[in-house]
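> requesting a structural model of the entry that follows:
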Amino acid sequence: MTVASTPLTPRQGEILEFIRHSLMEAGAPPTREEIARAFGFRSLNAAEQHLQALQKKGLIELVAGTSRGIRLKETLLALKEASDDLGLPLIGKVAAGSPILAQENVVKRPAVDPAMFKPRADYLLEVRGMSMRDAGILEGDWLAVHKKAEALNGQIVVARLGDEVTVKRLRQKGSRVELIAENPEFKPIVVDLKREPLQIEGIAVGIIRPAL
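Below is the predicted model of the structure:
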């Protein structure tokens, strides 16, 4: 459990709750601009100062180089190991062609309450690579996923293309699908559904950064 060394100011408490809400509802932490807009700050610097204060108190971690680089480090995300029948299955590297929840893909079951996410999470997927960096999803993060075969445009999805499983933002118009990275170093994956199948495995509903 992480405890702030000094009490939070009312505004710091509100911003911390805003970060929690963004993670649970949008599946990603807010940007400085979103924080400034939500709290009526005239400059991004005011939002940054509050974030720096929360970091000094040990409640968040700020990750450089990304607009959504905010990580909660509080009790909610202080994870522990659970017995096999508790918690959410953590999926590591998905074996080619196998179902995501196949036993060979389950690394462990952290004691994470599925109900802390909306909609309810069905599993955690260990993120590999930095293709979703600008959405605040980094290498080694655990992506909470709600199992679902359909998704809306703009949602971050877990998609299966052939034997590969990837995390990307969905854009679809007719039979043309784009799986878009949140990192300019990665080009979109374009799929013509008339020529090749694409399976939606689930939608992202939150992010957890495991304790190091």
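
> quick one, longest helix in this protein?
Criterion DSSP state H: the longest helix present in the chain is helix 10-25.

> buried stuff in that one?
Judged by neighbour count using 16 or more other CB atoms under 10 Å, the buried positions of helix 10-25 are 12, 15-16, 18-20, 22-24. Every residue, glycine included, has its C-beta placed from N, CA and C.

> can you add pLDDT and distance to Gln172 and give these back as TSV?
Formatted as TSV, the buried residues of helix 10-25 follow (pLDDT from 0 to 100; distance: CB to CB, whole Å):
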residue	pLDDT	distance to Gln172
Gln12	87	40
Ile15	91	35
Leu16	87	35
Phe18	89	31
Ile19	89	30
Arg20	82	30
Ser22	83	25
Leu23	78	25
Met24	70	25
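
> ok, Asn183 to Ser67 distance?
12 Å (CB to CB, to the nearest Å).

> if you could redo that for Arg20, that was the one I meant.
18 Å.

> ok, now Pro110?
Here the criterion is CB to CB. By it, Pro110 lies 27 Å from Ser67.

> now do the strands in this protein.
For the chain, applying DSSP state E gives strands covering 60-62, 70-72, 90-91, 106-108, 123-126, 142-147, 156-161, 164-173, 176-180, 189-192, 199-208.

> mind listing what the nearest residue to Leu193 once chain neighbours are set aside touches?
Leaving out its chain neighbours, the residue that sits closest to Leu193 by CB to CB, 6 or more residues apart in numbering is Ser175, at 4.3 Å. Ser175 is in contact with 192-194, counting by CB atoms under 8 Å, 6 or more residues apart in numbering.

> try 10 Å
By CB atoms under 10 Å, 6 or more residues apart in numbering, the residues touching Ser175 are 191-195.

> equivalent analysis for Asn45, please.
Contacts for Asn45 (CB under 10 Å, 6+ apart) come out as 32, 36.

> kindly provide the distance from Leu8 to Gly136.
Counting by CB to CB - Leu8 and Gly136 are separated by 22 Å.
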